[in-house]
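Enquirer: The following comprises the amino acid sequence and a computationally predicted model.
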Amino acid sequence: MGDSAANRDEVSLPVSSAAEWEALKPALRASLWRLLGELPETFVPEPTILSRRRCKGYCLERFSFDNRGGAKVFGYAMIPSGGEQPYPAILYHHYHGGRYAQGKEEIRRRAFARWRGGHGLITGEELVRAGYLVLCIDAYAFGERRFCGPANVKERPPHTEASLFKAFLWQGATLWGMMVRDDLLAMNYLSSRPDVDAGRIAAMGMSMGATRSWWLAALDERIKVTVSVACLTRYQNLLEQGLLAQHGIYYYVPRMIREGMDIEKVVGLIAPRAHLTLTGDSDEGSPAEGVRIINEFQRRLYGGYGSENFRGVIYEDAGHTYTPQMWAETLQWLAKKL
């Protein structure tokens, strides 16, 4: 294991100071929103609480809300038993892995035991018992939404996901844009809860969950801490190595490379807020050469702020997984930064 390093000649910043980067951020964010497509306006949802159950060390709420984009969103909130309110909170993003039936259940199952070397812990319970209020929603085509595509119950995943991708394109939107929008709605709800400290909210996840986390944090400065595990993909390196099949159709946003919006710039919009990236050097979905470029870009950027809020680690002989070492690093980062 070691901090990632890149050939400094390969990594250059488009600005010479933190002030210049701050001045550039609004235009970069506007470009990202435009590339995501014509999305419905956002709002603060007022969910319906479908059930509330006492569990060991926490209360589990199951809720739903209308996203005003033609879909109902389902989610869980795990609220600590005891402790001082308002709580620091975590917007947890579930992974893909073809586990369409799982979705938000990731926070209540030993979801990572299936990954080689994975930690096998129940992440939501670990986090809530550490004092964080945890909220997680089903993404499009996952969990309670896996039959909620254009054909409803006539289609099952992965066809639900593919049909949503096609239907949104016809409407001028993108599936990824609608997923990010749902995550933003979840953030709006989470920050509006009276039992949440809106100034201490983190976004985290593994694989697709990691990508959802750093995209949302790039677009929404209310997220103070981000943890990205096993998905930090630089598009040009993925393309050069012929590894596009490592990601599902949801992952692709038109014109990103053509407009010079590779991921070091997207991730750079999180600066100077706290961001931890953890990646295996054998993870084909995130070629290590690209990860090194992204991480070095961030180090230089955060250095301009005089900030130590960025840490990027590449683990030797690790693939697409969430190991015990990565989990320990995650908890330490949250404790220190959140």
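Expert: It's in. Note that the coordinates shown come from a computational prediction; the quantities given were computed from them, not determined experimentally.
Enquirer: where exactly do the strands run in the stretch 101-250 of the chain?
Expert: 133-137, 196-206, 225-229 (DSSP state E, counting those that start in this stretch).
Enquirer: Residue 66 is nearest to which of the ones you listed?
Expert: Of all those, it is strand 133-137 that lies closest to residue 66, at 12.9 Å by CB to CB. From N, CA and C alone the C-beta is placed, and that goes for glycine too.
Enquirer: quick one: strands adjacent to that closest one?
Expert: Take DSSP bridges as the rule and strand 133-137 pairs in its sheet with strand 72-80 (antiparallel), strand 87-93 (parallel).
Enquirer: Save these as TSV, and put in mean neighbour count and distance to residue 143 too.
Expert: Listed next are the strands paired with strand 133-137 as TSV, based on neighbours: other CB atoms under 10 Å; distance: least, CB to CB, whole Å:
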stretch	mean neighbour count	distance to residue 143
strand 72-80	22	6
strand 87-93	26	13
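Enquirer: can you put those strands in CSV and add mean pLDDT?
Expert: Listed next are these as CSV, based on pLDDT from 0 to 100:
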stretch, mean pLDDT
strand 72-80, 98
strand 87-93, 98
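Enquirer: For the residue nearest the centre of the chain, list the residues it contacts.
Expert: Per CA atoms, centre = their mean, the C-alpha nearest to the average position across the chain is that of residue 213, at 2.0 Å. Contact analysis of residue 213 by CB atoms under 8 Å, 6 or more residues apart in numbering lists 91, 93, 203-205, 226-228.
Enquirer: how does it look with 10 Å?
Expert: Residues near residue 213 by CB atoms under 10 Å, 6 or more residues apart in numbering: 91-93, 183, 202-206, 223, 225-229, 231, 270, 275.
Enquirer: how about the strands of the stretch 101-250 of the chain in JSON lines, adding mean neighbour count, mean pLDDT and distance to residue 15?
Expert: Shown next, in JSON lines, are the strands of the stretch 101-250 of the chain (neighbours: other CB atoms under 10 Å; pLDDT from 0 to 100; distance: least, CB to CB, whole Å):
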{"stretch": "strand 133-137", "mean neighbour count": "27", "mean pLDDT": "98", "distance to residue 15": "35"}
{"stretch": "strand 196-206", "mean neighbour count": "23", "mean pLDDT": "98", "distance to residue 15": "25"}
{"stretch": "strand 225-229", "mean neighbour count": "28", "mean pLDDT": "98", "distance to residue 15": "21"}
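Enquirer: For residue 173, which of those strands is the nearest?
Expert: Smallest distance to residue 173 across the strands of the stretch 101-250 of the chain (CB to CB): 18.4 Å, for strand 133-137.
Enquirer: Convert the C-alpha atoms of the closest one to CSV, please.
Expert: Extracted in CSV, the C-alpha atoms of strand 133-137 (Å, rounded to 0.1, in the frame of the first residue of the first chain):
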residue,chain,number,x,y,z
LEU,A,133,-27.2,9.2,10.9
VAL,A,134,-27.1,7.3,7.7
LEU,A,135,-29.4,7.8,4.7
CYS,A,136,-29.4,5.6,1.5
ILE,A,137,-31.8,5.5,-1.5
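Enquirer: Go ahead and measure how far it is from the middle of the chain.
Expert: Put simply, strand 133-137 sits 13 Å off its chain's centre (CA atoms, centre = their mean, to the nearest Å).
Enquirer: One more: stretch 160-175?
Expert: The chain centre lies 20 Å from the centre of stretch 160-175; the measure is CA atoms, centre = their mean.
Enquirer: Name the residues of that stretch that are buried.
Expert: By neighbour count on 16 or more other CB atoms under 10 Å, the buried set for stretch 160-175 is 160-165, 167-168, 173-175.
Enquirer: again with stretch 268-275
Expert: 268-275.
Enquirer: Check stretch 45-54 too.
Expert: Neighbour counts using 16+ other CB under 10 Å place 45, 47 of stretch 45-54 among the buried residues.
Enquirer: what's in contact with it?
Expert: If you take CB under 10 Å, 6+ apart as the criterion, stretch 45-54 is touched by 59-68, 72-77, 79, 81, 137, 144, 182, 185-186, 188-190, 192-193.
Enquirer: That'll do, ta.
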